[in-house]
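# here's my sequence, what's the structure:
(chains A and B)
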Amino acid sequence: MNSQIHPSVERRPGFLPRSSLQTLFTVLLQTGYKIYGPQVRDGAIQFVYMDDPESLPMGVTNEQQPGHYRLTSGESRRLFDWNHGPQALKPLCFAPREVLWLEGAAPFAFKRTLPEVTQTAVIGVRACDLAALAILDQHFELEMRPDPHYRQRRDSLLLIGVDCAQSASTCFCASTGDGPALDGGYDIGMAELDEGFLIWHQSDKGQAITDQLELRAATDDQLEAMLQATTRAAGQQKRHLPGSEELQQLYKRLEHSHWDQVAERCLACGNCTAVCPTCFCYQVEHEMALSGESAEMVRSWDSCFSPTHSDMGHFQVRNNIKYRYRQWMTHKLAGWQVQQRRIGCTGCGRCIAWCPVGIDLTEEVTAVLEEGSLDV
Amino acid sequence: MFDPHMPHVAVIDRRIQESSTIFTLRLQYDWEVQQAYEFDPGQFNMVTLFGVGEIPISIVNDPLDNHYFDHTIRVVGRVSDGLSKLQPGDRVGIRGPFGRGWPLARMKGKDILLITGGLGCAPLVSVIRFIMRRREYYGRIHILQGVKHSDDLIWREQYDEWAKLRDVHILLAADVVGKGWKGQQGMVTELISQISVRPHRTVALLCGPELMMLTAIANLRDMALADGSIWFSMERNMQCGIGQCGHCQIGPHYVCQDGPVFCYSDLADFLGAKGF
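As a prediction, this is how the structure comes out:
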């Protein structure tokens, strides 16, 4: 896989001094966007509605390890030196719970319910999460046969990405080819420098904003600093995934003894699928109104770690944790290649950090692919 | 016209009790929707019972019978139990049809061997009806049907009528035999050795419990049938019908979209693999 250090999308950035970041917020608000951005909440980076750059996480960095996520505050004035919190863009487009349709009893009829959305600018989006969004776009068939709920939410977003100038220890986007530099899928791109921001647009929607910013010409030194930052971030990454061809061998390793070993540690809690930016499984349920006169068809996130995920009524296809973990990993890293011509992982490392027992996808897959321990 | 995400209302025209736990609902959409409705044998609909839930049910008709469509359903859970209590004039929601049906183009001109086990096996009945109506396009027809108890056999009159057609051979087997049973006692897979198959001219279509299908496939391969000539219908937890909700995946395959009918050569690595 190619490491995404040098973006293939051409950038023509202008410079916005740190003191002028308020202008970006003002233009977005005046154009009619609500701003959804990162803040420190409950000890983690979380995206919330905000209208003032003052509340961005200044000087905050993150320490991420298997089963470990901590924020630290420093003296730096930089706003985007953290990598990410537990959630990516997934909940913004694929709601954790939503009503698909209403059913009326008399007369018996179905009525689609679409979500109410407001035009929202998401600021501080990372390359791994944009790559994951492209995967979800394909899954929910944004081009050909769009899921109406997904499209409604997706179309309401203006995505303002930012290059990662640091990697967390759990990051491995360079090995999946999805980061740390932005490479498409955003409307406006940003790179943070000590003295301010390089800003460029990638879509017409983005240009409508950047045209109003009165950006200064970027200097050669600034452009060089932008490139160096993502090169350095990529160099910090120690974890990596095997290449896609090697990962296809996972289906030949279904009886490997290492699956049993992972199953002894895995709690099947579903944290990994909840924080994964590409996991898309959902369940549907009818919820009847107390009156008995109407009902809602509700879809909500499901997880392949749930016992009911493979429920057939009279038996469960995956009736133990070993099969469920194996399903998750083989689908993510091998099955996805058949379904979407790429792996379903963009190297964000959330499943590693937010796993309560610190199971590390990159370590487990390497163990399963290791020839020596094949137990068949 | 068909929005895969939203059901249309369909009215129950007839209800037939096939056995103590199996019933058939004959359904009709509004005229305009019904006019445009097309399906292939082996495809399925998602059927909604008001306020209770939505389940996948295969369509048992010949596609030419386009003024209505039939769902033959066994009572196994909340939704099917509720559906069994509906009467003519009652309404259900229908989304569909979904999935890939039987390989009609590959079957033309071939001998057809149909093997089905378990109760009913509606997905295979649609293709049997399809074949019988176009009898001249096919060679020798073998139908091997197994049931647990001989009383479980439904569509008896149809079997009798099909048996009268030229070169149609039907063998029935029941694990437990009651009075008046004209078939044999035993497993359906034991019937395979009793027929003579021309392996290079035969397409085999299977439906039933996976263990039964695995045994049948092993027998067919021993008889020199090519993997590409063996097709079967799979069952998995299906909630969306459009390859979205993720439940029905077998390896990289979505049963609801790439199946429910699969060619053995496409699924050989996963059929029978525990956990898939």
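# which residue sits closest to A:Gln64 in space, ignoring its chain neighbours?
Counting by Cβ to Cβ, 6 or more residues apart in numbering or on different chains, A:Gln64 lies nearest to A:Ala168, which is 3.9 Å off, once chain neighbours are set aside. Bear in mind the C-beta positions are built from the backbone N, C-alpha and C, glycine included.
# give me the low-pLDDT residue ranges for the stretch 1-150 of chain B?
Along the stretch 1-150 of chain B, the model assigns pLDDT under 70 to residues B:1-2, B:119-120.
# what residues does it put near chain A?
Residues of the stretch 1-150 of chain B found near chain A, taking Cβ under 8 Å from any Cβ of the partner chain as the criterion, are B:4-9, B:48, B:50-54, B:76-77, B:91, B:93.
# which residue is nearest the middle of chain B?
Chain B has B:Pro123 as the residue nearest its centroid, 0.9 Å off, counting by Cα atoms, centre = their mean.
# for that one, phi and psi?
The phi and psi torsions at B:Pro123 (degrees, to the nearest 10) take the values phi -60, psi -30.
# which ones are touching it?
Neighbouring residues of B:Pro123 by Cβ atoms under 8 Å, 6 or more residues apart in numbering or on different chains: B:Pro41, B:Gly42, B:Phe44, B:Ser58, B:Cys207, B:Ser233, B:Pro260, B:Val261.
# A:Glu329 contacts A:Thr362, doesn't it?
Heads up, residue A:329 is Met, not Glu. No - taking contact to mean Cβ atoms under 8 Å, the distance of 10.8 Å between A:Met329 and A:Thr362 leaves them out of contact.
# list the buried residues in the longest helix anywhere in chain A.
If each helix of chain A is counted by residues according to DSSP state H, the longest one is helix A:220-236. Neighbour-count burial for helix A:220-236, counted by 16 or more other Cβ atoms under 10 Å in any protein chain shown, picks out A:Gln222, A:Leu223, A:Ala225, A:Met226, A:Leu227, A:Ala229, A:Thr230, A:Ala233, A:Ala234.
# what is the nearest of those residues to chain B?
Ranked by distance to chain B (Cβ to the nearest Cβ), the buried residues of helix A:220-236 are led by A:Ala234 at 30.0 Å.
# tell me the domain ranges of the chain?
Using chain A here. Following automatic domain parsing, one finds the domains of chain A at A:14-96+A:115-236, A:244-281+A:304-373.
# oops, chain B please
The record, using automatic domain parsing to delimit domains, assigns chain B the ranges B:8-98, B:104-267.
# out of those, flag the one nearest A:Glu54.
Distance to A:Glu54, taken as Cβ to Cβ, is lowest for domain B:104-267 among these, at 41.0 Å.
# centre of the chain to the closest one, how far?
Its chain's average C-alpha position is 8 Å from that of domain B:104-267, according to Cα atoms, centre = their mean, to the nearest Å.
# likewise for stretch A:150-166?
If you compare the mean C-alpha spot of stretch A:150-166 with that of the full chain, they lie 10 Å apart, counting by Cα atoms, centre = their mean.
# pretty sure A:Cys351 contacts A:Cys272?
Yes - in this structure, A:Cys351 sits in contact with A:Cys272. The criterion is Cβ under 8 Å, and the distance is 3.7 Å.
# between the two, which contacts overlap?
With contacts defined as Cβ under 8 Å, 6+ apart, the residues adjacent to both A:Cys351 and A:Cys272 are A:Ile359, A:Leu361.
# show me the contacts for the closest residue to chain A within the stretch 51-200 of chain B.
Each residue of the stretch 51-200 of chain B has a distance to chain A, by Cβ to the nearest Cβ, and the smallest belongs to B:Gly51, at 3.9 Å. Contacts were defined as Cβ under 8 Å, 6+ apart; by that measure B:Gly51 touches A:Glu103, A:Ala105, A:His286, A:Met288, A:Gly292, A:Ala295.
# how close does the third one get to A:Ala95?
Right, the one you point to is A:His286. Between A:His286 and A:Ala95 the computed distance is 18 Å (Cβ to Cβ, to the nearest Å).
# do the fourth one as well
With distances defined as Cβ to Cβ, the gap from A:Met288 to A:Ala95 amounts to 21 Å.
# can you list the residues of the stretch 101-250 of chain A near chain B?
Residues of the stretch 101-250 of chain A lying close to chain B (Cβ under 8 Å from any Cβ) are A:Trp101, A:Glu103, A:Ala105, A:Phe108, A:Ala109, A:Phe110, A:Arg112, A:His139, A:Phe140, A:Arg145, A:Asp147, A:Pro148.
# filter those residues down to the buried ones, PyMOL style.
In PyMOL, selecting the buried portion of these, with burial taken from 16+ other Cβ under 10 Å, looks like this:
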select buried, chain A and resi 101+103+105+108+109+110+139+140+147+148
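# got the residues of the stretch 101-250 of chain A next to chain B as JSON lines, with pLDDT columns?
What follows is those, written out as JSON lines (pLDDT from 0 to 100):
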{"residue": "A:Trp101", "pLDDT": "96"}
{"residue": "A:Glu103", "pLDDT": "96"}
{"residue": "A:Ala105", "pLDDT": "90"}
{"residue": "A:Phe108", "pLDDT": "93"}
{"residue": "A:Ala109", "pLDDT": "95"}
{"residue": "A:Phe110", "pLDDT": "96"}
{"residue": "A:Arg112", "pLDDT": "95"}
{"residue": "A:His139", "pLDDT": "97"}
{"residue": "A:Phe140", "pLDDT": "96"}
{"residue": "A:Arg145", "pLDDT": "90"}
{"residue": "A:Asp147", "pLDDT": "95"}
{"residue": "A:Pro148", "pLDDT": "95"}
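# just the ones of the residues of the stretch 101-250 of chain A next to chain B in strands?
In strands, defined here by DSSP state E, the members of these are A:Trp101, A:Glu103, A:Ala109, A:Phe110, A:Arg112.
# got these as CSV, with distance to B:Val127 columns?
What follows is those, written out as CSV (distance: Cβ to Cβ, whole Å):
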residue, distance to B:Val127
A:Trp101, 32
A:Glu103, 33
A:Ala109, 34
A:Phe110, 31
A:Arg112, 34
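# and of those, the nearest to B:Gly251?
A:Trp101 (31.3 Å).
# touching, that closest one and A:Met297? I think so.
Yes - under the criterion of Cβ under 8 Å, A:Trp101 makes contact with A:Met297 at 4.7 Å.
# OK, contacts around the closest residue to A:Phe108 other than its chain neighbours?
Taking Cβ to Cβ, 6+ apart as the measure, A:Phe108 lies nearest to B:Arg91, with 4.3 Å between them; neighbours along the chain are not counted. Counting by Cβ under 8 Å, 6+ apart, B:Arg91 touches A:Phe108, B:Val9, B:Ala10, B:Val11, B:Ile12, B:Phe50.
# what does A:Arg350 give?
If a contact means Cβ under 8 Å, 6+ apart, then A:Arg350 has A:His84, A:Pro86, A:Ala88, A:Thr170, A:Cys272, A:Val275, A:Cys276, A:Pro277 as its contacts.
# isn't the fourth one right up against A:Gln64?
Yes - in terms of Cβ under 8 Å, A:Thr170 counts as a neighbour of A:Gln64; the distance is 4.3 Å.
# what do those two both touch?
With Cβ under 8 Å, 6+ apart applied, the overlap between the contact sets of A:Thr170 and A:Gln64 consists of A:Gly349, A:Ile352, A:Ala353.
# phi first, then psi, for the first one.
Backbone torsions of A:Gly349, given as degrees, to the nearest 10, read phi 80, psi 10.
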